[in-house]
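Colleague: Sharing a sequence plus its predicted fold:
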Amino acid sequence: YRQSKLTRLLQDALGGNSQTFFLACVSPSDTNASETLSTLHYANRARNIKNAPTKNVDAHLLELQRLQVINNILQCELVKERFVAL
């Protein structure tokens, strides 16, 4: 199943940081029974793929946010010290 053209097309969606909706189209016709069975087998294998998605976080943005919080705290402390000194 790893050599399937469909797997190659969907490799980014079937693994990694994504959620994938898989719709298997099957036919009730006897003439398409083997193709329907193959599709159902593939859909079952795709359904069994388990991902552990992680949140994409920019380290620079996190550091900037942390420094802004520290800056706000220090500004509040400075205002308190000036107010007490009066």
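Modeller: Here it is on my side, so go on. Numbering: from 1, shown residues only.
Colleague: longest single helix anywhere in this protein?
Modeller: Once the chain is assigned using DSSP state H, the helix that runs over the most residues is helix 59-85.
Colleague: after the host helix or strand of Leu10, next one along is what?
Modeller: According to DSSP states H and E, Leu10 maps onto helix 5-14. Sequence-wise, the next helix or strand downstream of helix 5-14 (DSSP H and E) is helix 33-47.
Colleague: Could you check the angle that following helix makes with helix 5-14?
Modeller: Here the directions of helix 33-47 and helix 5-14 differ by 20 degrees (axes from the mean of the first three to the mean of the last three C-alpha atoms, to 10 degrees).
Colleague: which strands and helices sit next to helix 33-47?
Modeller: Contact here means 3 or more C-beta pairs under 8 Å, 6 or more residues apart in numbering; DSSP states H and E; on that basis helix 33-47 packs against helix 5-14. Every residue, glycine included, has its C-beta placed from N, CA and C.
Colleague: Just the CA coordinates for the helix it packs on, please, in PDB.
Modeller: In PDB, the C-alpha atoms belonging to helix 5-14 read as follows (Å, rounded to 0.1, in the frame of the first residue of the first chain):
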ATOM      1  CA  LYS A   5      -0.100   6.400  -6.300                       C
ATOM      2  CA  LEU A   6      -2.900   7.500  -4.100                       C
ATOM      3  CA  THR A   7      -0.700   7.200  -1.000                       C
ATOM      4  CA  ARG A   8       2.000   9.300  -2.700                       C
ATOM      5  CA  LEU A   9      -0.600  12.000  -3.600                       C
ATOM      6  CA  LEU A  10      -1.900  12.000   0.000                       C
ATOM      7  CA  GLN A  11       1.400  11.600   1.900                       C
ATOM      8  CA  ASP A  12       1.300  15.100   3.300                       C
ATOM      9  CA  ALA A  13      -2.300  14.700   4.400                       C
ATOM     10  CA  LEU A  14      -2.000  11.200   5.800                       C
END
